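>>> Okay, sequence plus prediction incoming.
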Amino acid sequence: MRRFIVGLLATIGAFTLISLAAGLYVALTGPFSAKPLPDKMVLSVDLRTLPPESDSTDLLGGIWRDNPPDMATTLQALWRAADDPRVLGLYVEIGDEDGGLARVQELREAIARFRAKGKFTIGFAESLASNGERFADYYLAAALDEIWLQPSGSFGVTGMAVETPFLKEGLGKLGIRIEGGKRYEYKSAPDTFTEQGYTGPARQNLQQLLDSLYGQFIDDVSHDRKIPSERLRQLVDAAPLDPDRAKAEHLVDKIGYRADAMAAVWQRADNVREMVSLDEYSAEQPRRRSGAPVFALVRIAGAIVSGTASNSPLDSETTAAADDIVDALDAAARAKQVKAIIVRIDSPGGTYPAADAIADGVARARANGKPVIVSMGDVAASGGYLAAVRADAIVAEPTTITASIGVFGMWPVATDLLKTLGVRFERLKVGSNAGMYSTFLPPTDAQKAAIARELDSIYADFTRQVGDARKLDDARVDRAARGRVFSGNDAKTAGLIDELGGLQTALTLAKAKAGIGASTAVELQRFPIEENRWQRLADRLVRLAGIDSRGPSIRAPRELRDALARFGIAARPGNVRLPPLPPLWR
């Protein structure tokens, strides 16, 4: 009874808060409409933080402030602006962003297209790669035709490094060890808990990845800035450099403050002093062409998990829920207006059954007659690669981190720690392998053998799917698998992807597969169709109030449902079950 009363009060309080907030939101925003854009303007974009791959799940935060445009929206806006005669140029705020290089490459491609239309691009940075090893900001800046650096800043690109903590010895001192296994030697993710340093295969694989990513940076920046590649490597080795040296070496163009950069913008715009942010420009709905083909965009962003999206209204961590993604693929496959499906993946992996379910959804969409093209973002590895493998074609940027065809499973066993604390465990069971993933008692030899068989089975299925889908023989699959991680460049050589490029390349391939002319404009429609933010928050709060180990449902009274309906919110019942914590399998 006490649990019911607490849950009921929480539900009523939550809906009261939503109702008040929704009323305030409608009152403040309802009478107003978007301001029309000027006839001539400069587009501004703040890339001190790179656009995310998907919309934020921080629903409460999004109520009080606008979330930034996602990657697809940003790219589409830049593509449209390149062809828009009203847009004269682009001003970019550059920051010390620890962004993924693949997203930077896509933005660089969009900027290059913008410049190819005869429009100027100017960027300003207070400092460039000030912490040394994060050079995504300078990589992005190099695509612009004019870079401004603040006099108190510096050019701090010093190279690229990976640092990995190894916890085995420390955990051992606490009386904790890690059980499980991996397939195979290049699957280095669990090594941080099971090794005391890089293994030979892991060291070789990670160094190859670093060399490939850094080599791409050197090649592109050398081309952009007209600096010989060997000289550029020497300058990076000599960094950090002060602004005067950076300008003398043609790493930047001008030294000054933001106001100086803005004066240069107005001069290049022939004193047209109308600046429109990317958010404002994106909000303008472009005129739809009657009968334009529709492509579906299904996004897989974050760790791949089973089930549906998180039920917590305050959860801002991005995960890719397999059930939701499969439903989106099925809906896009059924939609008569959809001519092709673009699957955008930015995921380090996840549980094998969840990733396999998505791969099956991709295959069924293709069987339904819809071409499916995968566009990889910063990373599409392990389960993220498995989700892509059955598509018609896979596109990745040269710096996309992908493959990692392998599996691992692990969990902590604290038997020695508990003994030290004077805690003793005994086990009663039915079934030989019951309790085999226990944190309190170690697995038996027979149970370890069962775990090894499961790892072998998953690895065999994973590699079989890769071989079948990519038409690779066993020897080539073996050279591409065993847990190796590749850059996009190396993945193409290994036969794991089809084309190098970004979302625009994926759209071009999708047009060809769907029999649509390359110059034909298409409408990119997100699946699932995004819900109203208020509706999503209401759904999550209802479910949150219904959390219980038995998984009961909470149904809102009719009066409350009617009141919320005035704001377009449906008070749906929640039904949430709390599963036991499983071992980590990827």
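Alright, I've got the coordinates.
>>> for the stretch 401-550 of the chain, which spans come out with low pLDDT?
530-550 (pLDDT under 70).
>>> Strands along that one, start to end?
Residue ranges of the strands in the stretch 401-550 of the chain, as given by DSSP state E, counting those that start in this stretch, are 401-403, 407-413, 485-487, 499-500, 523-526.
>>> who touches the first one?
By that I understand strand 401-403. 102, 209, 376, 378-381, 384-385, 396, 480-481, 484-488, 491, 494, 496-497 (CB atoms under 8 Å, 6 or more residues apart in numbering). The way it works is simple: take the backbone N, C-alpha and C, and place the C-beta from them, glycine included.
>>> And stretch 250-257, how far out from the chain middle?
32 Å (CA atoms, centre = their mean, to the nearest Å).
>>> start to end distance for it?
18 Å (CA to CA, to the nearest Å).
>>> quick one: which of the strands of the stretch 401-550 of the chain is nearest residue 184?
Among those, strand 407-413 comes nearest to residue 184, with 9.2 Å by CB to CB.
>>> The closest one pairs with which strands, parallel or anti?
strand 177-183 (antiparallel), strand 584-585 (antiparallel) (DSSP bridges).
>>> quick one, which of the ones you listed is nearest to residue 372?
strand 584-585 (26.2 Å).
>>> sec struct for residue 340, please.
strand (DSSP: H, G, I helix; E, B strand; the rest coil).
>>> whoops, residue 385 was the one
Residue 385 - assigned by three-state DSSP - is helix.
>>> Numbering from 40 from now on, please.
Right, with 40 as the first residue, what we last looked at is residue 424.
>>> Let me know the distance separating it from residue 205.
As judged by CB to CB, to the nearest Å, residue 424 and residue 205 stand 26 Å apart.
>>> Mind checking which of the two has more residues around it?
residue 424 (30 against 15; other CB atoms under 10 Å).
>>> residues contacting the more buried one?
388, 441, 442, 443, 444, 535.
>>> Could you check the pLDDT of it?
Per-residue confidence (pLDDT) for residue 424: 98.
>>> Mind telling me what element residue 209 is part of?
helix 207-213 (DSSP states H and E).
>>> Which elements pack onto that helix?
Using 3 or more CB pairs under 8 Å, 6 or more residues apart in numbering; DSSP states H and E, the elements in contact with helix 207-213 are strand 216-222, helix 230-233.
>>> thinking residue 291 is in contact with residue 187, fair?
Yes: counting by CB atoms under 8 Å, residue 291 touches residue 187, with 7.2 Å between them.
>>> Only alpha carbons, please: show the helix holding residue 209 as CSV.
The C-alpha trace of helix 207-213 is given here as CSV (Å, rounded to 0.1, in the frame of the first residue of the first chain):
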residue,chain,number,x,y,z
LYS,A,207,44.2,-6.0,-13.3
GLU,A,208,46.9,-5.5,-10.6
GLY,A,209,44.9,-2.9,-8.8
LEU,A,210,41.7,-5.0,-8.8
GLY,A,211,43.8,-7.9,-7.6
LYS,A,212,44.9,-5.9,-4.6
LEU,A,213,41.3,-5.4,-3.7
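>>> quick one: which of the strands of the stretch 440-589 of the chain is nearest residue 311?
strand 562-565 (30.2 Å).
>>> If we go by neighbour counts, what in that closest one is buried?
563, 565 (16 or more other CB atoms under 10 Å).
>>> which other helices and strands contact that strand?
Using 3+ CB pairs under 8 Å, 6+ apart: strand 562-565 touches helix 110-122, strand 333-340.
>>> just how off-centre is it within its chain?
19 Å.
>>> Going by residue numbers, what spans are helices in the stretch 90-239 of the chain?
98-103, 110-122, 140-155, 175-180, 207-213, 230-233, 239-264 (DSSP state H, counting those that start in this stretch).
>>> Same list (the ones you listed) but as CSV, adding distance to residue 559.
Supplementary listing: the helices of the stretch 90-239 of the chain in CSV, determined by distance: least, CB to CB, whole Å:
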stretch, distance to residue 559
helix 98-103, 34
helix 110-122, 14
helix 140-155, 17
helix 175-180, 30
helix 207-213, 57
helix 230-233, 49
helix 239-264, 30
